[in-house]
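In: any chance you could fold what I've pasted below:
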Amino acid sequence: MADKKIAFLVDTEGIEQVELTDPWTHVEKAGGTPRLLAPKLGEVRGFNHLTPADSFPVDTTLADAKADDYAGAVIPGGVANSDFLRMDSDAVRLVKELVAQGKPIAAICHGPWLLVEADVVRGKMLTSFPSLQTDIRNAGGDWADQEVRVCDMNGWTLVTSRNPDDLPAFNREALKAFGLG
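Out: Numbering: from 1, shown residues only. Prediction:
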């Protein structure tokens, strides 16, 4: 349990900072090892909504990441982050690999856009920022406006929440899914 690596998938900027830092801290406190994955090495920029915030060092590029190396993944939101990330073929590939291996994924706010792009929401129950509901439904997911949804259907666990207000429930359920809580 203490050596579980959890991949945090982000783009280079536009990340909703608290949706990165809060789950990261909870993974660390539970004994896991969070790792930051992005399109390129260097630093990524967090945002407090539309205001630039802190920078964070990248551990591994998405191109070099292999699902075998991780116990699960967190996909933070942020509109720009999520929109750019879903267009990254390495991020899409990694999500597909994680799902194929039955590993849990926790996505918050706009983060589920990457799941839609990877075509892994079909038959899953999830939530997100409300503006994604049509995309999720069109991709075959069952969307509802709830604080947190946990879905074990289709051989893998998906934890989703709507926004930063839902982080306490999101963190609790994500840690359970990762076997850390």
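In: so how far is Gln17 from the residue lying farthest from the centre of the chain?
Out: The outermost residue of the chain relative to its centre, with distances by Cα atoms, centre = their mean, is Thr51 at 21.1 Å. For Thr51, the distance to Gln17 equals 9 Å [Cβ to Cβ, to the nearest Å]. Where you see a C-beta, it was placed from the backbone N, CA and C, and this is true even at glycine.
In: now Ala169
Out: As judged by Cβ to Cβ, Ala169 and Gln17 stand 19 Å apart.
In: out of those two, which sits in the more crowded spot?
Out: Neighbour totals were compared for Ala169 and Gln17, and Gln17 leads with 20 against 17 (other Cβ atoms under 10 Å).
In: contact partners for Val150?
Out: Applying Cβ atoms under 8 Å, 6 or more residues apart in numbering to Val150 gives the contacts 157-159, 173, 176-177.
In: need the per-residue pLDDT for it.
Out: For Val150, the model assigns a pLDDT of 98.
In: and it, what element?
Out: Here Val150 is covered by strand 148-151, with elements defined by DSSP states H and E.
In: give the next helix or strand downstream of that strand.
Out: Next helix or strand after strand 148-151 toward the C-terminus (DSSP H and E): strand 158-161.
In: buried sites along that next one?
Out: Buried residues in strand 158-161, counted by 16 or more other Cβ atoms under 10 Å: 158-161.
In: likewise stretch 111-120?
Out: Buried residues in stretch 111-120 (16+ other Cβ under 10 Å): 111-118, 120.
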